[in-house]
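> Model the following, please.
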Amino acid sequence: MTDATLDTEVLIVGAGPVGMTLALSLAAGGRKALLLDRRTRGAWRDDPRALALAHGTRQLLETLGAWNAAAGTAIHDIHVSQRGGFGRTQITREEMAVEALGYVMRYRDLAAALDARLPAATLLDGAELTALQVGNDRTVATIRRDGGETTVRAGLVVHAEGTPADDAGVAVSDYRQHAVLAEVRPQPAHGQRAWERFTADGPLALLPLGDDYSVVFTVPPAKADALLAMDDTAFLAALQRQFGSRVSFTATSPRARYPLALRLRRQLVAARQVWIGNAAQTLHPVSGQGFNLGIRDAWELAQAVLAAGDDAGDTVTLAGYARGRRLDRRGSVAFTDGIVRAFSTDFAPLRVARGLGLLALDLCPPARRFVAGRMIWGARAWP
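Below is the predicted model of the structure:
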């Protein structure tokens, strides 16, 4: 392959949903962006993962014409409780005056909707960033692709594909929990209700997906080993014991697992570089905040770049973006991390305190609406 040189205003490293959302947002405002992805285009077609999308995320994607309405299962209400203790609360779409509190959608369906909107020649797939030189007025990226090298000159480089495990710029806090993922058939039908059930092992979430529930079963690593070794009958029985008797489970898909940790990049911006989505932070899956925070990262960065002058990587622009994301980011981290640490213990006084907190939410509609609003829109201005 003959070496080539490309020029763009913004180079986005990582063409997952967060990177594609940024590219579409910039294109909608007339700014030139180039997406770089190590995978081949469409590699997501066989990805079965389920994503919890807040109603606020739907609103942003609808603005870009990239909402896949047919693929999402709406969440009409969320029931929150703790195992072995009193207290519960329920959040409903009627109280929040929205069509749905959120949606559950397969990764591949969201990626397909975003990919279909990408302008021509926006994506360099099967490509790897091998070097980056940062200058005063631009960055020069070296890309390896198809056996050759391509040079990309850009005013700004956005990192949107996660971070290596040994990245010194990222603070890591291991929760010593693993998420076991599965899809189970409920009896009776789920009726668009999601469940968040707190146990001493960790949160247990049931999210409606089609006719099934997408299960996020959080447990210590040794228990995750045991759950994956069980046959389907034994796994369903273990799930039933943790969840309780309000819903029965009649069938399950194959199971998967992944370790859970809080990963926070200490600095969101550097000279002509910015980190968003999982490259900026990886949160515990409780309450489904991490992915939605990443989509808001992409949207807010696009608005900052569109409001700037000709230089997308201007220091003032990047500093303003970092300041603007501080409240939403810190609030989402504190919310998820605080819930996990407060609820993942069977210490009796804490169990009583948790019950009182859930009871207070149930009896105080303004507090309940505040919590629900943060889950739906983050720290953005509410509609």
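
> What are the boundaries of the strands in the stretch 101-250 of the chain?
Remark: strands assigned in the stretch 101-250 of the chain by DSSP state E, counting those that start in this stretch are 102-106, 123-124, 127-134, 139-145, 148-159, 170-187, 193-198, 203-209, 212-219, 248-252.

> Identify whichever of the ones you listed lies nearest to residue 12.
strand 148-159 (4.7 Å; Cβ to Cβ). Bear in mind the C-beta positions are built from the backbone N, C-alpha and C, glycine included.

> Show the low-confidence segments of the stretch 1-150 of the chain, by residue range.
Residue ranges of the stretch 1-150 of the chain with pLDDT under 70: 1-3.

> Okay, helices next: where are they in it?
17-28, 55-63, 93-96, 107-115 (DSSP state H, counting those that start in this stretch).

> what angle do the longest one and strand 148-159 make?
With axes from the mean of the first three to the mean of the last three Cα atoms, to 10 degrees as the criterion, the two stretches helix 17-28 and strand 148-159 enclose an angle of 90 degrees.

> Name the residues of helix 17-28 that are buried.
Of all the residues in helix 17-28, those buried under the rule 16 or more other Cβ atoms under 10 Å are 17-27.

> likewise the shortest one?
Along helix 93-96, these residues count as buried under the neighbour rule (16+ other Cβ under 10 Å): 93, 96.

> could you say what helices and strands that helix packs with?
With contacts taken as 3 or more Cβ pairs under 8 Å, 6 or more residues apart in numbering; DSSP states H and E, helix 93-96 sits against helix 365-377.

> and if you look at the longest one?
Packed against helix 17-28 by the contact rule (3+ Cβ pairs under 8 Å, 6+ apart) you find strand 4-13, strand 33-36, helix 55-63, helix 107-115, helix 290-307.

> what's the most buried one of these?
strand 33-36 (a mean of 25; mean count of other Cβ atoms under 10 Å).

> Return the list of helices and strands in contact with that strand.
Strand 33-36 packs on strand 4-13, helix 17-28, strand 123-124, strand 148-159, going by 3+ Cβ pairs under 8 Å, 6+ apart.

> okay, the ones you listed in a markdown table with distance to residue 104 next?
Output for the helices and strands packed on strand 33-36, formatted as a markdown table (distance: least, Cβ to Cβ, whole Å):
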| stretch | distance to residue 104 |
| --- | --- |
| strand 4-13 | 26 |
| helix 17-28 | 14 |
| strand 123-124 | 27 |
| strand 148-159 | 27 |
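
> Kindly state which of these is positioned closest to residue 34.
Per Cβ to Cβ, nearest to residue 34 of the helices and strands packed on strand 33-36: strand 4-13, 4.1 Å.

> how far off strand 148-159 does that closest one point, in degrees?
30 degrees.

> Output strand 4-13 in CSV, but only the C-alpha positions, please.
The C-alpha trace of strand 4-13 is given here as CSV (Å, rounded to 0.1, in the frame of the first residue of the first chain):
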residue,chain,number,x,y,z
ALA,A,4,-0.8,8.5,2.2
THR,A,5,-1.4,11.8,4.1
LEU,A,6,-4.8,12.8,5.3
ASP,A,7,-6.0,16.1,6.9
THR,A,8,-8.9,16.4,9.2
GLU,A,9,-10.1,18.7,12.0
VAL,A,10,-10.7,16.0,14.5
LEU,A,11,-9.3,12.4,14.6
ILE,A,12,-11.4,10.1,16.7
VAL,A,13,-9.6,6.9,17.8
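
> what helices or strands is that strand leaning on?
The helices and strands touching strand 4-13, judged by 3+ Cβ pairs under 8 Å, 6+ apart, are helix 17-28, strand 33-36, strand 148-159.

> quick one on the thing from earlier: in TSV: the strands of the stretch 101-250 of the chain, plus mean neighbour count and distance to residue 85.
Formatted as TSV, the strands of the stretch 101-250 of the chain follow (neighbours: other Cβ atoms under 10 Å; distance: least, Cβ to Cβ, whole Å):
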stretch	mean neighbour count	distance to residue 85
strand 102-106	25	26
strand 123-124	20	50
strand 127-134	14	49
strand 139-145	18	53
strand 148-159	21	42
strand 170-187	18	19
strand 193-198	22	8
strand 203-209	23	14
strand 212-219	25	17
strand 248-252	15	22
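
> what about those, which gets the closest to residue 309?
Among these, strand 148-159 comes nearest to residue 309, with 10.5 Å by Cβ to Cβ.

> Can you give the strand pairings for the closest one, parallel or anti for each?
Using DSSP bridges, strand 148-159 pairs in its sheet with strand 4-13 (parallel), strand 139-145 (antiparallel), strand 273-275 (parallel).

> before we move on, back to that, any idea which of the helices of the stretch 1-150 of the chain gets closest to residue 352?
Closest of the helices of the stretch 1-150 of the chain to residue 352 is helix 93-96, at 26.6 Å (criterion: Cβ to Cβ).

> ok, residues contacting that closest one?
55, 75-77, 99-101, 365, 368-369, 372-373, 376 (Cβ atoms under 8 Å, 6 or more residues apart in numbering).

> Distance to residue 231 for these - can I get that in TSV?
Below are the contacts of helix 93-96 laid out as TSV (distance: Cβ to Cβ, whole Å):
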residue	distance to residue 231
55	38
75	30
76	33
77	33
99	40
100	35
101	35
365	45
368	40
369	44
372	39
373	43
376	39
